[in-house]
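Participant: Give the three-dimensional model of this entry:
(2 chains)
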Amino acid sequence: MIKKSILFFIFLQIANVLCAQNDTAKLVQLPSNLEAHTPAAENLITLQHAQNEKIPIVPLSGKFGDLILTSENLMLLKKWSYNTAYLMPAGKWETGIFQPFRYGINQKMEIFTNLLMLPLIPEAGVKLAWRSKDDFVLASEHCLSIPTPFLNMISRKGIGGLISPEYDFSFILSVSNSLIVSRQIAPKLLASAKAGFAFALRGEKPDPQSTIDIPVFYPRMAHYYDGASIRLGGAVKGSLGDKWFYEEGVQAFIITRPENNFFFENTGTIMWAVGKSLRIRGGYILAYGKYPYETPKWQMWPTLDLVFGSK
Amino acid sequence: MNIPFYRKIVFFLFLPLLFTAINSCEPLATSFGDVEDAVMYTKSAKVTAPLPDSTIKVMTWNIRFGIRRQSWFGDACGDNTVFTKDEVIPGLEGIVSRINEVKPDILFLQECDIKSNRTAYINELQYILDNTYFNYAAYVSEWKSEFIPSDGLGRMDMGLVILSPWPITDAKRINLATRTDQAGIVNYFYLHSCIVSGSIKIPGFKEIPLLNIHASAFATDDTKQKHFEEFKAEMDKLDAAGKYFIAGGDLNELPPGSDSTDFCYEDMCPGESFHQPGDDPQHKAGSDYTRENTWLQPIYDTYKCAVPLNVYRANQSAYFTHTTRPEHTWDRTLDYLFTNNRWRAGSTITHQAFLSNSDHAPVSSEFVLVKE
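Facilitator: Numbering: from 1, shown residues only, chains lettered A, B, ... in the order given. Modelled structure (predicted):
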């Protein structure tokens, strides 16, 4: 019962967002052979309840199989809307060790930052919901961060010295902007595409030998040193039941400079929703890149994150 | 079975990535087996190899990865970890110039960097090979890590080399005992001492096995003694097989009977204190050789050193090959050449004039060839 209530609440939250962006909402068309206790039946119950209560209803396409918000998708988006065009519901939050803290301000705005790194990398980001059309959901992300304290902290002697202590970093302001579009492409599958760019405003260009020359770090920090970073990516997310979810994604980093300027990542992640507020994610990053030390190379790393937040 | 179209697309898209992934799982730091093949380097435009009549000149040199006498955090009380190309290339030019001046036929190098972060990702071996008369090189890593998260070291590949104008065959990396006085995580990212071995064949003479070692510098347990035992065991094997070998390298040990055995004060950095009541440790790691005084004796007793003990003891400072202090002259002997055959009398030179090129002076001598 509680689960259904939560589903219903999130359904309403998302419905509100979508309604606010689409004036031509229409009701779902229902199939005649709908079986009880199926996801479709749950949708029906939810929609009927909404109608009875005169609650605004989500816009849906004319064919049942194309429903944007089936119960599977509700669960998927409730548990894992990060890296899609969907926002956190208003008043709800979630955070991970590596995943940023996200908080839904209202139906059109989410704010995010990495809480764990906040003292070292002051960061503020906002995700805005834009107009949705033909089952495509559009959002944009905008983020400002100052990595200077972090860079100066890891430029040190001894263990944890990722950068040689002879380097000092002056003020760096990193600015990133991106657009995300998501669309359901199958009953339990949501696809998202992302395009963006990042650049840095620097007091002084850092020494090119002060980079952290390993996959994952290097491409994300490249624009601190030289050039801007163009980022293109895509991902599909799906559910394997009520508690298990997966994501497969690719991302390319193109740095606007003559060398060490192309990086590609393929990520695969499995997520287990342990409870109502805790999720464990693990998988891999397969990274390809042109690093300063040699010819392009592939490397694979494991990934792990714990995500928790509002019930 | 009817597989949805999108699943087929996903499957075929990620199949090549799966194959790539299988070959991409590199650990952060490299672990070594007991014996592994060396990495072979060859000069593209070969130089005609010499035809010696009775001796070949052999030299061993710890080149300190080409940074000359600059203060490095690891061994010279310095703050610097990383050096620029403009700092490293002149160092390599100096090394190449000295090699071309001495003209050894066989060269043992220690502390040669291959695309390491600290030396601006220069392939130092390729540079030396390209700028000298050697045609072949056998390289083994003793410190190899994709990324060392300490002191800004980053990517590291430092190793030992045998260079020769003649082809080097059967080149191997022989792993030496691991230090037991370090925490596991530190040891994981730390260097692993080793020997590079190989053989050369000069027309008309018996095959010559070669052994080049870099023993532990800073072990405070008995690891270094184990390294000498392992080094001698390799020599014993060759000797038992009736082969005439050349062995040498940076043993990081004083000859038995050295007058000075404690260099804690000489090597002390600002802010450090040793030998005083309450100091812990009492001695600087790698600077006190007192209890190790006899560790090389078994090798001296069995094989011929290019600088025999009696010669060394008669005038020790003339054979010093190392100092940690950038502004100071040589103060101890750590580098050696041994054989079970003969060194040509009077041919050994400790190249103390090369003080500006490294923190080690090379040692050269002429090995007497054995006819077939």
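Participant: centroid residue for the chain?
Facilitator: Picking chain A for this. Computing the C-alpha centroid of chain A and ranking residues by CA atoms, centre = their mean puts A:N83 first, at 1.8 Å.
Participant: Let me rephrase: I mean chain B.
Facilitator: By CA atoms, centre = their mean, the most central residue of chain B is B:Q110, 2.4 Å off.
Participant: Could you pull out the buried residues of the helix or strand hosting that residue?
Facilitator: In this structure, B:Q110 sits in strand B:106-113 according to DSSP states H and E. Using 16 or more other CB atoms under 10 Å in any protein chain shown as the test for burial, strand B:106-113 gives B:I106, B:L107, B:F108, B:L109, B:Q110, B:E111, B:C112, B:D113. C-beta coordinates here come from the backbone N, C-alpha and C atoms, glycine included.
Participant: where does stretch B:163-173 sit relative to the chain's centre, distance-wise?
Facilitator: 15 Å (CA atoms, centre = their mean, to the nearest Å).
Participant: I'd like the average pLDDT over that stretch.
Facilitator: In this model, stretch B:163-173 carries a mean pLDDT of 98.
Participant: what does stretch B:51-63 give?
Facilitator: 97.
Participant: One more: stretch B:88-103?
Facilitator: 98.
Participant: Name the residues that touch that stretch?
Facilitator: B:57, B:59, B:61, B:63, B:65-68, B:107, B:119-120, B:122, B:124, B:127-128, B:131-133, B:349, B:351, B:354, B:356-358, B:362, B:364 (CB atoms under 8 Å, 6 or more residues apart in numbering or on different chains).
Participant: picking that back up, and the residue nearest to the residue nearest to the centre of chain A when sequence neighbours are not counted, what is it in contact with?
Facilitator: For A:N83, ignoring the flanking residues on the chain, the nearest one in space by CB to CB, 6 or more residues apart in numbering or on different chains is A:A235 at 6.0 Å. Contacts were defined as CB under 8 Å, 6+ apart; by that measure A:A235 touches A:N83, A:T84, A:A191, A:S192, A:K194, A:E247, A:E248, A:G249, A:V250, A:T267.
Participant: Doesn't A:A235 belong to a helix?
Facilitator: No - under DSSP: H, G, I helix; E, B strand; the rest coil, A:A235 falls outside any helix and is assigned strand.
Participant: Tell me the bridge partners for it.
Facilitator: A:S192, A:G249 (DSSP bridges).
Participant: So it versus A:L138, what's the distance?
Facilitator: 16 Å (CB to CB, to the nearest Å).
Participant: With A:T84 instead?
Facilitator: A:T84 is 11 Å from A:L138, by CB to CB.
Participant: Contact partners for the spatially closest residue to A:P296 that is not a sequence neighbour?
Facilitator: Leaving aside its chain neighbours, A:P296 sits nearest to A:K290 (4.9 Å; criterion: CB to CB, 6+ apart). By CB under 8 Å, 6+ apart, A:K290 lies in contact with A:E259, A:N260, A:N261, A:F262, A:F263, A:P296.
Participant: please redo it, this time with the cut-off set to 7 Å
Facilitator: By CB atoms under 7 Å, 6 or more residues apart in numbering or on different chains, A:K290 lies in contact with A:N260, A:N261, A:F262, A:P296.
Participant: Quickly note the distance from the first one to chain B.
Facilitator: The reference is to A:N260. 11 Å (CB to the nearest CB, to the nearest Å).
Participant: secondary structure element for the closest residue to chain A within the stretch 151-300 of chain B?
Facilitator: Relative to chain A, the nearest point of the stretch 151-300 of chain B is B:G152 (2.9 Å; CB to the nearest CB). Using DSSP H and E, B:G152 sits in no helix or strand.
Participant: could you list every residue that touches the nearest residue to it once chain neighbours are set aside?
Facilitator: Counting by CB to CB, 6+ apart, B:G152 lies nearest to A:S164, which is 2.9 Å off, once chain neighbours are set aside. Neighbouring residues of A:S164 by CB under 7 Å, 6+ apart: A:S155, A:S210, B:T81, B:V82, B:G152.
Participant: Next one: A:S164 relative to B:D79, how far apart?
Facilitator: Per CB to CB, A:S164 is found 9 Å from B:D79.
Participant: How much space separates the residue in the stretch 101-250 of chain A positioned nearest to chain B from A:H223?
Facilitator: The stretch 101-250 of chain A approaches chain B most closely through A:S164 (2.9 Å), counting by CB to the nearest CB. From A:S164 across to A:H223, the span is 21 Å (CB to CB).
Participant: Bridged to A:S229, which residues?
Facilitator: A:A198, A:I255.
Participant: Run through the helices of the chain in chain order.
Facilitator: With no chain named, the answer covers chain A. Remark: helices assigned in chain A by DSSP state H are A:2-21, A:39-52, A:71-79, A:148-154, A:217-225.
Participant: that's the wrong chain, I wanted chain B
Facilitator: B:5-22, B:85-102, B:124-130, B:184-189, B:223-240, B:264-267, B:297-302, B:309-314.
Participant: Deepest-packed of the ones you listed, please.
Facilitator: Mean neighbours per residue, mean count of other CB atoms under 10 Å in any protein chain shown, is largest over the helices of chain B for helix B:124-130, with a mean of 20.
Participant: That helix - contacts with which helices or strands?
Facilitator: strand B:39-42, helix B:85-102, strand B:106-113, strand B:136-148 (3 or more CB pairs under 7 Å, 6 or more residues apart in numbering or on different chains; DSSP states H and E).
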